[in-house]
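Visitor: Here is my input, please return the structure:
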Amino acid sequence: PTKNSSHSLQRDFQRTTLQHRIALFSSSTDDDSNFMTGKVKFFIRSKAYGFITPDDPNEKDIWVHRTSFNTPIPLEEFLTRPYLLKGERVKYQVGPNEGNEVNPIMAKNVVYESGALVPPFRKGYVEHLLKYEHQRLGAKVQDILKESSEESTNEDKLQKIIEANNAIVDVLETAKVNMEKYNPPDTNVEDDESQ
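Guide: Below you'll find the predicted structure:
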């Protein structure tokens, strides 16, 4: 076979494989036979996407977006949640990635390999948030204290510090409510806020 015919055969095979996968996705049920398994290669939280390396060595890494996760959270409210961590084991279906020529297929209906939903908030989330908010409060207090006495009195400064602290309390209370509201009771996956 010539080089061109070899490339043509390879393209036809990939197209057939893609069509087969899409057909499987389109006719999917809750049956595990339509799911593939793999390990998260990486996931960029700020961009909300990553790649999964399938267990099948004949398959290429597959693109995954956070909107592909089966999750109880309203995705439009939480732009960086849920997310996956490198090395996590998942199962997923394959479907078309409309309008993306670089990655024409993507993982869909992504859950952990055990079948558990990807948790919107992970264990340790509130503690990480508390640490972050304390750092922000410290910086805010320093800024307030640097204000000259002409700009504000000590009473004004104290009031601003109290307001900044109350804002943090509100953020933490909201985080706790969201954890209780959206996380499945069996969620025990550590949070990694460093990403």
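Visitor: How many residues are close by Ser149?
Guide: Ser149 has 9 neighbours, counted by other Cβ atoms under 10 Å. C-beta: built from backbone N, CA, C; applies to glycine.
Visitor: actually Leu85, not the one I typed
Guide: Applying other Cβ under 10 Å, we find 16 other residues in the vicinity of Leu85.
Visitor: Find the nearest non-adjacent residue to the residue nearest the centre of the chain, please.
Guide: Among the residues of the chain, Tyr83 comes closest to the average C-alpha position under Cα atoms, centre = their mean, at 1.9 Å. What sits nearest to Tyr83 in space, not counting adjacent residues and going by Cβ to Cβ, 6 or more residues apart in numbering, is Arg45, at 4.8 Å.
Visitor: in the chain, which helix has the most residues?
Guide: helix 154-182 (DSSP state H).
Visitor: Which strands and helices lie in contact with that one?
Guide: Based on contacts counted as 3 or more Cβ pairs under 8 Å, 6 or more residues apart in numbering; DSSP states H and E, the elements that helix 154-182 packs against are helix 125-146.
Visitor: Please name every helix or strand in contact with the helix it packs on.
Guide: helix 154-182.
Visitor: From the chain's centroid, how far away is the helix it packs on?
Guide: Between the centre of helix 154-182 and the centre of its host chain there is 25 Å, according to Cα atoms, centre = their mean, to the nearest Å.
Visitor: next one: stretch 122-136
Guide: Distance, stretch centre to chain centre, for stretch 122-136: 18 Å (Cα atoms, centre = their mean).
Visitor: Can you show me the CA trace of that stretch as PDB?
Guide: Below are the C-alpha coordinates for stretch 122-136, written out as PDB (Å, rounded to 0.1, in the frame of the first residue of the first chain):
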ATOM      1  CA  ARG A 122     -14.200  17.900  48.600                       C
ATOM      2  CA  LYS A 123     -13.300  17.000  52.100                       C
ATOM      3  CA  GLY A 124     -11.200  19.900  53.500                       C
ATOM      4  CA  TYR A 125     -12.800  22.500  51.300                       C
ATOM      5  CA  VAL A 126     -14.100  24.700  54.200                       C
ATOM      6  CA  GLU A 127     -10.700  24.500  56.000                       C
ATOM      7  CA  HIS A 128      -8.900  25.600  52.800                       C
ATOM      8  CA  LEU A 129     -11.400  28.400  52.300                       C
ATOM      9  CA  LEU A 130     -11.000  29.500  55.900                       C
ATOM     10  CA  LYS A 131      -7.200  29.700  55.500                       C
ATOM     11  CA  TYR A 132      -7.500  31.700  52.300                       C
ATOM     12  CA  GLU A 133     -10.100  34.100  53.700                       C
ATOM     13  CA  HIS A 134      -7.900  34.700  56.800                       C
ATOM     14  CA  GLN A 135      -5.000  35.700  54.500                       C
ATOM     15  CA  ARG A 136      -7.300  38.000  52.700                       C
END
